[in-house]
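Colleague: Structure, please.
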Amino acid sequence: MISMGEGKKIPRGVPSSESVYLPPHNSPELRSFQDKNENLTRNLWKADEVINFVFSSKYQPKYHEIAVAFIGELSGKTYMEGADIGNFLSGKGVSKATFYNRVLPRLRRVGMVKIERETVVARESMRKYRPMKVSLSKTFGNYFMKIGDSWLACVDDARSRKEGQEKL
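Modeller: Residues are numbered from 1 along each chain as shown. The predicted structure follows:
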């Protein structure tokens, strides 16, 4: 880390918890998404191919495997509660620590899942507990569509300005 004085430090790079994996657009890892004229193709990537941008199968194979299995399970239901998640973890032999400390937080952070909690007070003991409910979220897709649409607008604007100048 680089010090900026007054106890402030700048990290040397992007923290891994705040990054996504973007292989080169022409990588053999990716199925084609555009033609030679840069027009989108109609084929869609499957969930495991999309999850590869969050947990690279090349660099984080275990997390990728867990995330793909979890999203697959979650896709078959509208939501999963704590007991459902516990059954999933024990059925797949996945460590709770790995899932709750690594996989689920990142899926939430990038907007692939949303986590809702409700505060419940048990009548007999008056103890509060907050059951968790996890569901799929569109935020990840909306986030990247906004980035992509904004970039396409920048390119279209630059090209139209150039065409306008050439006509003069």
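Colleague: which residues in this protein form strands?
Modeller: For the chain, strands defined by DSSP state E occupy the ranges 2-3, 9-10, 80-81, 113-117, 120-121, 128-129, 132-136.
Colleague: Name all residues that make contact with residue 30.
Modeller: Each residue near residue 30 by C-beta atoms under 8 Å, 6 or more residues apart in numbering is listed here: 23, 45, 49. For every residue, glycine as well, the C-beta is placed using N, CA and C.
Colleague: now with 7 Å?
Modeller: Neighbouring residues of residue 30 by C-beta atoms under 7 Å, 6 or more residues apart in numbering: residue 23.
Colleague: Kindly tell me how buried residue 47 is, as a neighbour count.
Modeller: Per other C-beta atoms under 10 Å, the neighbour tally for residue 47 reads 15.
Colleague: Skip the chain neighbours and tell me the closest residue to it.
Modeller: Spatial nearest neighbour of residue 47, excluding adjacent residues (C-beta to C-beta, 6 or more residues apart in numbering): residue 71 at 5.4 Å.
Colleague: tell me the pLDDT at that neighbour?
Modeller: Residue 71 carries a pLDDT value of 97.
Colleague: circling back: nearest approach to residue 40 belongs to which of the strands of the chain?
Modeller: When the strands of the chain are compared by C-beta to C-beta, strand 132-136 sits nearest residue 40, at 23.2 Å.
Colleague: Can you check which helix is longest in the chain?
Modeller: Ranked by residue count, the top helix of the chain under DSSP state H comes out as helix 139-167.
Colleague: any idea of the mean pLDDT in that one?
Modeller: Throughout helix 139-167, pLDDT has a mean value of 90.
Colleague: And the residue nearest to residue 47, how close does it get to residue 34?
Modeller: Computed as C-beta to C-beta, to the nearest Å, the residue 71 to residue 34 distance reads 25 Å.
Colleague: These two: who's more crowded?
Modeller: Counted by other C-beta under 10 Å, residue 71 and residue 34 do not tie: residue 71 has more neighbours, with 19 against 10.
Colleague: right, and that one touches residue 48 too?
Modeller: No: Residue 71 is beyond contact range of residue 48, at 8.2 Å (criterion: C-beta atoms under 7 Å).
Colleague: need the contact list for the spatially most central residue of the chain.
Modeller: Note on the chain: the residue nearest the mean C-alpha position is residue 110, at 3.8 Å, using C-alpha atoms, centre = their mean. Residue 110 sits next to 20, 54, 140 when contact means C-beta under 7 Å, 6+ apart.
Colleague: Over to residue 109?
Modeller: Going by C-beta under 7 Å, 6+ apart, residue 109 touches no other residue.
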